[in-house]
Structure formats: structure tokens, C-alpha cells
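Peer 1: Sequence and predicted structure are below.
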Amino acid sequence: MASRFSLPDWDTLATLDDDELPLLAGALLIARDEYPQLDAAGYDALADEYARELREQIAASDSTPAKLIAINRYLFDVLGFSGNHEHYYDPRNSYLNEVFDRKLGIPVSLAVVQMEVARRLGIPLDGVSFPGHFLVRLPVDDGLMVMDPFNRGRPLAADELRDRACEHLGGEVPDDAQLMQILAPASHRAILVRMLRNLKALYARAEDWDRVARTTDRVIRLMPNAVEELRDRGLAYLRLGWLPGAREDLRRYLALQPAAEDAELVRLALVEASAGRTSLN
């Protein structure tokens with residue numbers, strides 16, 4: 001029987017509420033921008049196959065944490081999924097087709113694989129937009145089980161989570177309430193935006209402005225109110241020499257953020273775009 005799995009287009013995806021937005025399809029849609037011929041239904045079927053291989057073992061497990069440990073063992077030990085420690089900044093780590101094919105990824109892309117397999121087995125695994133390093137979480141009887149998909153799904157104790165968060169909070173150690181807030185489940189929209197922003201940062205570092213413009217455009221479609229993305233797309237357009245797009249985005253940014261700290265720099269870029277020059281570097 002042929003798979004019914006298909007990818008929405010970006011316009012359709014952008015109109016969906018957070019609870020309707022499909023995670024696997026969204027992640028593969030990001031990948032299709034770079035790999036137009038990818039077989040999206042094939043990767044959905046692969047996730048189904050992983051779940052099918054695990055179903056009997058999961059049914060025999062006596063607790064939800066034990067089920068998740070079995071999933072992690074299968075993904076990371078049997079199949080060989082792994083965090084790409086050696087080449088962390090390889091863009092392929094963020095494209096889900098490459099993650100499935102190469103068994104290498106970064107925290108958020110590995111988390112998507114982990115979550116998709118777990119959810120097919122009835123295990124409510126969620127992502128966590130933890131500062132600096134994406135994690136996954138599972139509700140258990142006495143609280144939360146938090147794991148690191150980049151390091152083979154290793155469980156993280158509360159003290160380690162506080163230490164990790166502290167590095168990104170100006171040295172402030174979060175109390176229990178703050179830590180629980182940080183560990184709130186990430187929406188599918190937030191996960192897809194994080195994947196796109198990771199790619200955007202990689203391409204900006206490489207001065208690949210065409211891909212910077214593309215990934216920024218996708219963020220804007222998912223988060224129309226992300227004003228700073230208008231600025232970044234406008235600057236990418238300017239570097240590419242597409243002046244009408246640069247002028248429109250930079251004008252909108254200044255109209256929405258007239259007192260922004262970088263407003264003067266953006267005004268100078270707008271003057272450059274309006275004058276027809278593309279010397280920005």
C-alpha cells in the first residue's frame with residue numbers, strides 16, 4: 001500500500017496552529033529546500049520501520065522510562081545514531097534526510113528522530129529548547145526525565161541541568177521554578193525555527209547569502225512577528241544585490257523598530273539599497 005505521507009508547502013505550513021504543525025513533515029520540508037528530490041515518504045516509512053522493530057520489546061517493558069531506554073538503545077547502539085562531535089557545524093547535521101542517512105546530527109535533529117519514533121510507540125516525548133543545547137523530556141510519576149539526544153540519550157540530573165543553564169544565564173543558578181520553566185516543552189514551530197536558525201547561522205558564517213536569505217524567509221513564514229528576521233533577510237538581499245527586497249525588508253524593520261539599537265546601521269544599509277549600491281561587507 002502506498003504511503004499517504006506528503007509534505008505541505010510553506011504557505012500551508014505557515015497557516016497551521018502549533019498543535020497542528022507536523023514535526024517530521026516540517027523538518028523534511030526544510031530539507032527539501034536543499035534536496036529537492038528527497039523521498040519524504042521514504043523517511044516517514046523509515047521512522048515507522050524503527051517503531052515496528054521496537055513494538056514487541058516496548059510492549060513487554062513495565063514502565064515508560066524503561067520503554068524510552070529501549071528506544072535509545074535501539075537508535076544509538078543498534079542503528080548507530082550519534083552526535084556529530086567531530087564536525088558539529090556541518091550543515092548536513094541539520095537536514096533530516098542526511099541525519100537518517102548518515103546517522104549523524106546535532107541535538108535538535110537527533111531529538112526529532114527520537115521524538116518521532118517514541119511518539120509512534122505511544123510515548124509522549126517532547127523537545128526542550130534548552131539554552132545552548134536542545135534536550136528531550138518525558139513526564140514520569142515523580143517529575144520529568146530529561147535526556148541529551150546528542151550524547152546517546154543520556155539522562156541528566158537536576159544539578160547538571162542547573163549547571164548547564166547557569167552558563168547561559170549570566171552565572172545565575174536557576175531555582176526549581178525557573179528550571180521547570182526552562183524545561184517547558186517546545187512547540188513544533190519552535191523546534192523548526194531552531195533548526196532554521198541553526199542553518200542560518202552556519203550559512204552566515206560562510207557568507208552564503210542566498211541560503212541565509214532562504215532560511216530567514218522560512219523563519220518569517222513560521223514566525224511573522226520575528227522582526228529581527230526582516231532585518232537579516234533584508235541585509236542578505238542587499239549582499240545578493242536584490243535591492244527591491246532589501247529596501248522593503250529594511251524599511252519594514254525600521255518602521256516596526258525605529259528605536260532599535262542597530263537602527264542607524266540599518267538606515268545606512270537602506271540608504272545603500274536605495275542608492276543602488278551593493279558594497280556592504
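Peer 2: Received, thanks.

Peer 1: mind listing what Trp209 touches?
Peer 2: 203, 236, 239-240 (C-beta atoms under 8 Å, 6 or more residues apart in numbering). Using the backbone N, CA and C atoms, a C-beta is placed for each residue, glycine as well.

Peer 1: how close does it sit to Arg197?
Peer 2: 16 Å (C-beta to C-beta, to the nearest Å).

Peer 1: surely Ala51 meets Met115?
Peer 2: No - using C-beta atoms under 8 Å, Ala51 makes no contact with Met115, being 11.7 Å away.

Peer 1: Show me which of those two is the more surrounded one.
Peer 2: Met115 (22 against 19; other C-beta atoms under 10 Å).

Peer 1: And what about the more buried one, helix, strand or coil?
Peer 2: helix (DSSP: H, G, I helix; E, B strand; the rest coil).

Peer 1: Among the contacts of Trp209, which one has the most neighbours?
Peer 2: Of the contacts of Trp209, with other C-beta under 10 Å as the count, Ala236 tops at 26 neighbours.

Peer 1: so what's that residue up against?
Peer 2: Ala236 touches 209-210, 212-213, 216, counting by C-beta under 8 Å, 6+ apart.

Peer 1: pretty sure Ile71 contacts Arg119?
Peer 2: No - counting by C-beta under 8 Å, Ile71 sits too far from Arg119 to count as a contact (10.5 Å).

Peer 1: Between those two, which has more neighbouring residues?
Peer 2: Taking other C-beta under 10 Å, Ile71 and Arg119 do not tie; Ile71 has more neighbours (24 against 16).

Peer 1: how far away is that one from Leu125?
Peer 2: 8 Å.

Peer 1: Equivalent analysis for Tyr74, please.
Peer 2: For Tyr74, the distance to Leu125 - C-beta to C-beta - is 14 Å.

Peer 1: Give me the more crowded residue out of these two.
Peer 2: Using other C-beta under 10 Å as the criterion, Tyr74 and Leu125 rank with Leu125 on top: 23 against 18.

Peer 1: ok, the more buried one touching Pro65?
Peer 2: No - contact criterion C-beta under 8 Å: Leu125 and Pro65 do not qualify, at 11.2 Å.

Peer 1: Which pLDDT does the model give Leu280?
Peer 2: What the model reports as pLDDT for Leu280 is 47.

Peer 1: Then Pro174?
Peer 2: 84.

Peer 1: what's the answer for Val271, then?
Peer 2: Taking Val271 on its own, its pLDDT is 95.

Peer 1: just to revisit the earlier point, mutual contacts of Ile71 and Leu125, please.
Peer 2: In contact with both Ile71 and Leu125: 114, 118, using C-beta under 8 Å, 6+ apart.

Peer 1: In this structure, what residue spans correspond to helices?
Peer 2: 10-15, 23-34, 40-60, 64-72, 96-102, 107-120, 158-166, 176-182, 188-205, 209-222, 227-240, 243-256, 263-275 (DSSP state H).

Peer 1: and those as JSON lines, adding distance to Pro131?
Peer 2: Shown next, in JSON lines, are the helices of the chain (distance: least, C-beta to C-beta, whole Å):
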{"stretch": "helix 10-15", "distance to Pro131": "26"}
{"stretch": "helix 23-34", "distance to Pro131": "21"}
{"stretch": "helix 40-60", "distance to Pro131": "28"}
{"stretch": "helix 64-72", "distance to Pro131": "23"}
{"stretch": "helix 96-102", "distance to Pro131": "22"}
{"stretch": "helix 107-120", "distance to Pro131": "12"}
{"stretch": "helix 158-166", "distance to Pro131": "6"}
{"stretch": "helix 176-182", "distance to Pro131": "7"}
{"stretch": "helix 188-205", "distance to Pro131": "11"}
{"stretch": "helix 209-222", "distance to Pro131": "19"}
{"stretch": "helix 227-240", "distance to Pro131": "18"}
{"stretch": "helix 243-256", "distance to Pro131": "26"}
{"stretch": "helix 263-275", "distance to Pro131": "27"}
